[in-house]
Structures are given as C-alpha cells and as structure tokens.
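**Q** Give me a 3D structure for the following:
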Amino acid sequence: MVGLSIRLFTDEDVDPRLAVALRQLGHDAMSCHETGRSNQKIPDHEQLAFATQEGRTILTFNARDYVPLDQEWKSAGLHHAGIIVSPRINDVGELLRRVEGHLHSQQRGNAIRPATLAGLTLHYFGKNSVV
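**A** Numbers count the residues shown, from 1 in each chain. This next block holds a predicted model:
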C-alpha cells in the first residue's frame, strides 16, 4: 500500500472504476457502488455520514449540495473526514491522474485549498478547513 493518509469514498456520481483503479495503484479507496449505496436515493448528508463513519474523505462532482453541507456540518459542530469536490470529468483515466496527484499532494503536506493540479481545481474541505 502507498499508505496515504486520505482514505477515499467516491460518491454516486463518480464512475466506480475510479476506486478500482486507485486501489490498483495502492490507494485506500472504495466506491458508493461497491457498498450498495448507489441508486438508492440516499441523501447526500447520509452519504457524508457514512463516509465519516468509515473514516473516509468523500470525492464528488456535486458542489451544489456538498459545499453547503460542509458549512452545515461545521455550523452544527460536526466533523467529517473531508470532502473533495471536482468538476465533472467523465474520462476515468484523466480523473485518476488528477485525483492521484491531489492525494500525493496531500500526503506531502501541501494542504493548499483549493489545489490546482493539471488544470483541475479540487476543493478539499477537511474538518479543520476554513472555506
């Protein structure tokens, strides 16, 4: 294992092949689809709660819902393992390259938020981040 500190959970809108590819590269990643939580109409706050319970940062394309959700959790004094919001990228290879770059950046302690990697801005909202 690569031993990165970020354990990833991909949201329903992210192609499940990303989690598989990340694991093949040694990352700790699982998808919403693999856990049986896709196509169930599970609300975003419950997906975030599940990821938090599993100690995982959630990766999503859904900025519209997850950015306010991050603020709601912080306002309520709740903590999560992080939210990474990415623009929608349908090419799994390209998304893999950019997400892996972000994960390695976080491992090196580059806690720049947002992090711009190869033209992709990933907004990472950790439990202690100020947005």
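**Q** So which bits of the helix ranked longest in the chain are buried?
**A** Across the chain, the helix with the greatest residue count (assigned by DSSP state H) is helix 92-107. For helix 92-107, the buried set under the neighbour-count rule, 16 or more other CB atoms under 10 Å, comprises 95-100, 102-103, 105-106. Heads up, the C-betas are built off the backbone N, CA and C, glycines and all.
**Q** what's the answer for stretch 70-88, then?
**A** Within stretch 70-88, judged by 16+ other CB under 10 Å, the buried ones are 70, 73-74, 80-86.
**Q** Can you give the distance of it from its chain's centre?
**A** 10 Å (CA atoms, centre = their mean, to the nearest Å).
**Q** Now it - C-alpha only, PDB.
**A** What follows is stretch 70-88 as a C-alpha-only set of coordinates in PDB (Å, rounded to 0.1, in the frame of the first residue of the first chain):
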ATOM      1  CA  ASP A  70     -19.900  21.100   4.700                       C
ATOM      2  CA  GLN A  71     -20.900  24.500   6.100                       C
ATOM      3  CA  GLU A  72     -24.000  23.000   7.800                       C
ATOM      4  CA  TRP A  73     -21.800  20.300   9.500                       C
ATOM      5  CA  LYS A  74     -19.300  22.900  10.700                       C
ATOM      6  CA  SER A  75     -22.100  25.200  12.000                       C
ATOM      7  CA  ALA A  76     -23.500  22.300  13.900                       C
ATOM      8  CA  GLY A  77     -20.100  21.400  15.400                       C
ATOM      9  CA  LEU A  78     -19.900  18.200  13.400                       C
ATOM     10  CA  HIS A  79     -16.700  16.900  11.900                       C
ATOM     11  CA  HIS A  80     -16.200  14.700   8.800                       C
ATOM     12  CA  ALA A  81     -13.100  13.200   7.200                       C
ATOM     13  CA  GLY A  82     -13.100  15.600   4.300                       C
ATOM     14  CA  ILE A  83     -14.900  16.500   1.100                       C
ATOM     15  CA  ILE A  84     -13.200  16.700  -2.300                       C
ATOM     16  CA  VAL A  85     -15.300  18.500  -4.900                       C
ATOM     17  CA  SER A  86     -14.200  18.100  -8.500                       C
ATOM     18  CA  PRO A  87     -15.600  19.400 -11.700                       C
ATOM     19  CA  ARG A  88     -17.200  16.600 -13.700                       C
END
